[in-house]
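Sequence and predicted structure are below.
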Amino acid sequence: MRPASIVLFEKLYLLSIVVSAIGLALGWDQMVAAAGARPGMPAGTQQGLVIGSVVFTFLIAFVLLYFIARRASNIAKWIFVVLAAYGVFAFVTGLSTAGLTADAAFLVNALSLALTLYCAWLLFRPDAKAWFEAKPSDDPADQDTPA
């Protein structure tokens, strides 16, 4: 049975993904413009590049969600933690290079990052640690515990 920390992780990480999608929608034009500002970028390929990057990013997020929340993968847990740390680095770097612009996309992305960091913290709570060490069974009856 999955511990409460893992159940909460799954719910909040899904919420973080949804919030991130909202942030991407709000900042879509800025991302496409930034992709087009790269030297040597053929005209008309910016949107395709951004779409491909977004699809790849969300695919990774859902794969990590599955392997962490359903398969108790320590490897996926550490990949998630490294990506969350990189998210902090990218966020701070973005602040220092682009300056602080507290528009809607910025605020939504800050919320998504905060949710992701809280999710990373949940993975190190005692019940989650024990669950990762025990490797849950594949029996569907053992999938959830009441939160």
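Great, that's in hand. Residues are numbered from 1 along each chain as shown.

can you pull the buried residues of stretch 20-34?
20, 23, 24, 26, 27, 31, 32 (16 or more other CB atoms under 10 Å). Using the backbone N, CA and C atoms, a C-beta is placed for each residue, glycine as well.

Name the nearest of those residues relative to residue 123.
residue 20 (18.2 Å; CB to CB).

Go ahead and confirm that closest one touches residue 105.
No - using CB atoms under 8 Å, residue 20 is not in contact with residue 105; the gap is 10.7 Å.

Can you tell me which helices and strands the strand or helix carrying residue 58 packs against?
Following DSSP states H and E, one finds residue 58 within helix 46-69. On a contact count with 3 or more CB pairs under 8 Å, 6 or more residues apart in numbering; DSSP states H and E, helix 46-69 meets helix 4-26, helix 28-36, helix 74-98.

Could you check the angle that helix makes with helix 4-26?
Counting by axes from the mean of the first three to the mean of the last three CA atoms, to 10 degrees, helix 46-69 lies at 170 degrees to helix 4-26.

mind listing what's buried in helix 46-69?
Neighbour counts over helix 46-69 (16+ other CB under 10 Å) mark 46, 49, 50, 61, 64, 65, 67, 68, 69 as buried.

Would you mind giving these as a markdown table with pLDDT and distance to residue 112 added?
Shown next, in a markdown table, are the buried residues of helix 46-69 (pLDDT from 0 to 100; distance: CB to CB, whole Å):
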| residue | pLDDT | distance to residue 112 |
| --- | --- | --- |
| 46 | 73 | 23 |
| 49 | 80 | 21 |
| 50 | 82 | 17 |
| 61 | 96 | 11 |
| 64 | 97 | 15 |
| 65 | 97 | 14 |
| 67 | 97 | 20 |
| 68 | 97 | 17 |
| 69 | 96 | 18 |
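
Let me know the closest of these to residue 4.
Once CB to CB is applied, the member of the buried residues of helix 46-69 that ends up nearest residue 4 is residue 69, at 12.4 Å.

With adjacent residues omitted, what lies nearest to the closest one?
residue 10 (4.0 Å; CB to CB, 6 or more residues apart in numbering).
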